[in-house]
Structures are given as C-alpha cells and as structure tokens.
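Q: coordinates for the following, if possible.
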Amino acid sequence: MSVPWRCLFWVQSLLGSGHLRRAHLLAETFAARGGEVTLANGGSPGPWAPAPGVRLVQLPPISARNGNFGDLVDASGSPVTSALRIERQQILTSLLAMHPEVIVTEMFPFGRRAFRGELAPVLQAARSLPRRPLMIASVRDILVSKRDPSRYDFMVQTCLEHYDQVLVHGDERLLVFASSFPPAAELGSRLVHTGFVHQRAQALDVAPAPAVLISAGGGAVGRDLLAAALAARPSTRFATAPWLLVGGQNLPTAAFAALQECLPSDCSLERYRSDLPALMGQCEVSVSQAGYNSVVEGLAAEARMVLVPFATGEEDEQEQRARRLVELGLAQRVAESELSGAKLAQAIDRAGGTARPLSTGWSFDGAARSADIVAGLIRKRFGDG
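A: Predicted coordinates for the structure are as follows:
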C-alpha cells in the first residue's frame, strides 16, 4: 500500500513464549509492508524488543499456573479477578481509538476461549467504527482436540460472524488444518495456509558448538526434560562431548538453581540464547518439546530432532505434531509419560546415527505471505494504494 495502514494485534501466551514470538515476527513483517502495528500482549513480557513500526502495549499479564490452563493467575500468582478482566477489556477497547484497518487475534476463536469476555466487546465495537476493520484470525498449524463438539461450533460461528480471513501458519504438506479442526471446510475461502512463520537464522558459527542442545521453550514446564537430559548424558555416544541446556525465561528460579548445582563438566545451562535457531543447525542432536517454534526452527535448521511433546491433561497439539514428524522420519519421539534418562539416551543415540533431514521442501515464508494477504484485503476493502 502507498499509505500506512493501522493494525491492532492481540496475542495471549499462557505457558510458553511461542505465541508471542510468532506475533512479534508477524507484526515486524506487517510494519515492513506499511503497517503501523499496535501489539497488545496479554501474557508475560518476552525478551524481544518490538521492531520499528511496532508499538507494544503490555496488558496486565495472565498466565497458566503449573501448566494448568484451567488455573489462570495474574503477575503475582493470584487467581484472576473480574476486576482484572474488566481492566484488560477496557484497555483493549480504548485501542480502537486508533481506528485500525485491521484487527488480528492470535489463536482466538480457535483457542483462548477463556478470554472471549475481553474480546467479544472489541469485536462488536469494531463493527460500529466508521470504517469497519478487517478481522483476521492468526492460528498455528494444529489445534488441541476437543471432546465437546460445541467448542468447534463456537469457532465456526464466531468466524462466520466476525472474521474475514483465517491465516493458518502451517505447511499443508506436513499437516492440513482439517486434521485437527474437523469442520474446516465450513470456513470455505476464509481459510488459507500461509506456510510456517519463521525468521531465518543468521549464519553464525558458535565455537565450540554443543554436540547436544536441549531447549525447554519458555521453560514453565521444562524442568523434567532438562533433568532427564542430564541423567541421559552418561549413557549416550555424546557422554564426553559438550552439551548446552537452554532453560527458558519462565523456568522457575529454584529449578534453574537446582540444575545448575548438579551440572557436570562440559555442560552449560542458560536461560535464553538469541542464536538458538543457529545452534540447532550446528549441534549433532537437538532435544526439545514439540512446540510450533521449536519444530519449525528444527526443520529449517535441518536438525536431528528428539521431541518430548508436552501432553499434560487434554493437551495433544504437540503430540500430533511429533507423531507426524516421526511418521515422516524427521524426528525421534519420547512420550512425556515415559520420559527417563534411559529412554532419552536411546532416542538421542538413534537421532545421532541418522542423516540430517533436508529443509528444502517446506514453506517458511508464512510471515511474508500473511502480510501480502492482509495488504491485498485492505486494498480490496478500502481502495487505498
């Protein structure tokens, strides 16, 4: 577009940092294409500074305690109150004063149902603006399975009533959205697969590169994986090689300290590495959960992956992703319920004995494709540019 367009982008992480990271990458790309983006973050703050053209608005954060998505807490760890929800809703509604041409909600209405109370007023108020903004749903490749069919009905009806486009940030050759969202066909042309949202890693040489890299994502539920990795090390073919453990910003302080105390020689533990994608491409084996960002970075880096999918309660999104990668011969898997040093050691050795998978077949330009789609919809609706 020849003139700037305004975008209000809502994102809510509850456990890790993957949703916020993906939102930052999309917001950065939108800004580079002429968007003036206000990124409203409802989860814990992340380590990433907003890109030029992106204004970050931090809502009073809400997160899930101990990996339980039914137990939401505020920044102090106290249960979420109605007053906090009202405060967040008022902040969001006030942002409509910017008169956005586009409103993007990350995951909602395909997830984050617990936040419909703060988003529904925004959706309704947006319809009354002088220029009704485009409504875009930004969603990852796989949804958590729903036992209650009414949940799918809610997603479909909300999309049909309010949304112009559903951007699914996945590659259909890995998994189609319908594999985890059965009524996908009801959305018709609203639904578009964009490819993976990924920022190519810089060509950095890390000296010495770790033989085994263990990354725990955001870290909130990564302690057991990190502990199992340390228990596995002596039994692997990499027992005397350097290992790097990246615990994540949300790994509890006590857990980080306990791991640090029992760290063997040639092993290091850090909370965050900005060069993590590059490290994945240089290590012999990458061990992680099976979250979206970790898997996409692993595929792009042609990493030998060992995946331990997060599967607490009814969470099966990572399990679906991990099983598909195993089916394609792209990863080794250890079930979270069977995680032990011995099991992980076996998987690491299996991965270390395989060839690196090629990344050339996958689409990693999801951010650029999303920006093109949004810009095209703006031109069609508003005639600008």
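Q: residue ranges of the helices in the stretch 251-385 of the chain, please?
A: 253-261, 276-282, 292-300, 317-327, 341-352, 366-382 (DSSP state H, counting those that start in this stretch).
Q: tabulate the ones you listed (CSV), appending distance to V212 and mean pLDDT.
A: No exception for glycine: its C-beta is placed from N, CA and C like everyone else's. Formatted as CSV, the helices of the stretch 251-385 of the chain follow (distance: least, CB to CB, whole Å; pLDDT from 0 to 100):
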stretch, distance to V212, mean pLDDT
helix 253-261, 15, 90
helix 276-282, 11, 90
helix 292-300, 14, 94
helix 317-327, 18, 96
helix 341-352, 6, 97
helix 366-382, 29, 94
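Q: those into a markdown table, with extra columns for mean neighbour count and distance to F69?
A: Formatted as a markdown table, the helices of the stretch 251-385 of the chain follow (neighbours: other CB atoms under 10 Å; distance: least, CB to CB, whole Å):
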| stretch | mean neighbour count | distance to F69 |
| --- | --- | --- |
| helix 253-261 | 13 | 20 |
| helix 276-282 | 21 | 25 |
| helix 292-300 | 25 | 16 |
| helix 317-327 | 20 | 12 |
| helix 341-352 | 19 | 26 |
| helix 366-382 | 18 | 25 |
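Q: how about those, which one is nearest D153?
A: helix 317-327 (19.9 Å; CB to CB).
Q: how far away from the center of its chain is that closest one?
A: 15 Å (CA atoms, centre = their mean, to the nearest Å).
Q: likewise stretch 69-76?
A: That offset, for stretch 69-76, works out to 19 Å (CA atoms, centre = their mean).
Q: report the buried residues of it.
A: 69, 72-73 (16 or more other CB atoms under 10 Å).
Q: same question for stretch 115-125.
A: Buried residues in stretch 115-125 (16+ other CB under 10 Å): 115, 118-119, 122-123.
Q: could you list the residues in contact with that stretch?
A: 10, 12, 42, 85, 88-89, 92-93, 96, 103, 105, 108-109, 112, 135, 162 (CB atoms under 8 Å, 6 or more residues apart in numbering).
Q: of those residues, closest to S189?
A: Nearest to S189 among these, with distances taken as CB to CB, is M135, at 14.9 Å.
Q: just confirm that closest one is within a helix.
A: No - M135 sits outside any helix when classified using DSSP: H, G, I helix; E, B strand; the rest coil, being strand.
Q: residues touching it, list them.
A: Contact analysis of M135 by CB under 8 Å, 6+ apart lists 103, 105, 123, 126, 162-165.
Q: mind listing which of those are in strands?
A: When DSSP state E is applied, the contacts of M135 are split such that 103, 105, 165 fall in strands.
Q: could you dump the residues you listed into a markdown table with pLDDT added?
A: Compiled in a markdown table, these are given as follows (pLDDT from 0 to 100):
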| residue | pLDDT |
| --- | --- |
| I103 | 98 |
| T105 | 98 |
| Q165 | 97 |
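Q: any chance of a markdown table for the residues you listed, columns neighbour count and distance to V326?
A: Output for these, formatted as a markdown table (neighbours: other CB atoms under 10 Å; distance: CB to CB, whole Å):
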| residue | neighbour count | distance to V326 |
| --- | --- | --- |
| I103 | 27 | 38 |
| T105 | 27 | 32 |
| Q165 | 22 | 32 |
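Q: what is the nearest of those to A335?
A: Using CB to CB, these come closest to A335 at T105, 32.5 Å.
Q: okay, and the beta partners of the closest one?
A: W10, A137 (DSSP bridges).
Q: any idea how far H169 lies from Q282?
A: 26 Å (CB to CB, to the nearest Å).
Q: tell me the contacts of the nearest residue to L72 once chain neighbours are set aside?
A: Spatial nearest neighbour of L72, chain neighbours left out: V80 (4.7 Å); criterion: CB to CB, 6 or more residues apart in numbering. Contact analysis of V80 by CB under 8 Å, 6+ apart lists 62, 72-74.
Q: then R271?
A: 219, 246-249, 251, 256 are the contacts of R271 under CB under 8 Å, 6+ apart.
Q: go on, Q289?
A: 216-217, 222, 225, 307-310, 318.
Q: which of those residues sits closest to P52?
A: G217 (27.1 Å).
Q: and the closest one, how many neighbours?
A: When neighbours are counted by other CB atoms under 10 Å, G217 registers 28.
Q: so how far is G313 from it?
A: To G313, G217 is 17 Å away according to CB to CB.
Q: likewise C7?
A: The value you get for C7 to G313, if CB to CB is used, is 34 Å.
Q: more crowded one of those two?
A: Per other CB under 10 Å, whichever of C7 and G313 has more neighbours is C7, with 28 against 11.
Q: surely that one meets G34?
A: No - under the criterion of CB atoms under 8 Å, C7 makes no contact with G34, lying 10.0 Å away.
Q: for the helix or strand harbouring A232, which residues meet the burial criterion?
A: For A232, the element it lies in under DSSP states H and E is helix 223-232. Buried positions in helix 223-232, judged by neighbour count with 16+ other CB under 10 Å: 223, 225-232.
Q: picking that back up, what about the buried residues of stretch 69-76, which are in strands?
A: 69, 72-73.
Q: sorry, back to before: list of residues touching the helix holding A232?
A: 212, 214, 216, 243, 245, 247, 251-252, 255, 259, 262-264, 267, 269, 287-289, 308, 336, 339-345, 348.
Q: give me the neighbour count for G329.
A: 10.
Q: give me the neighbour count for the closest residue to it other than its chain neighbours.
A: Using CB to CB, 6+ apart and skipping the chain neighbours, the partner closest in space to G329 is P357 (7.5 Å). P357: 20 surrounding residues under other CB under 10 Å.
Q: also L328?
A: 11.
Q: please apply the same query to L20.
A: With other CB under 10 Å as criterion, L20 counts 23.
Q: dump the contacts of M135 to a markdown table, plus distance to T236.
A: Below are the contacts of M135 laid out as a markdown table (distance: CB to CB, whole Å):
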| residue | distance to T236 |
| --- | --- |
| I103 | 49 |
| T105 | 43 |
| L123 | 51 |
| A126 | 54 |
| H162 | 51 |
| Y163 | 48 |
| D164 | 51 |
| Q165 | 46 |
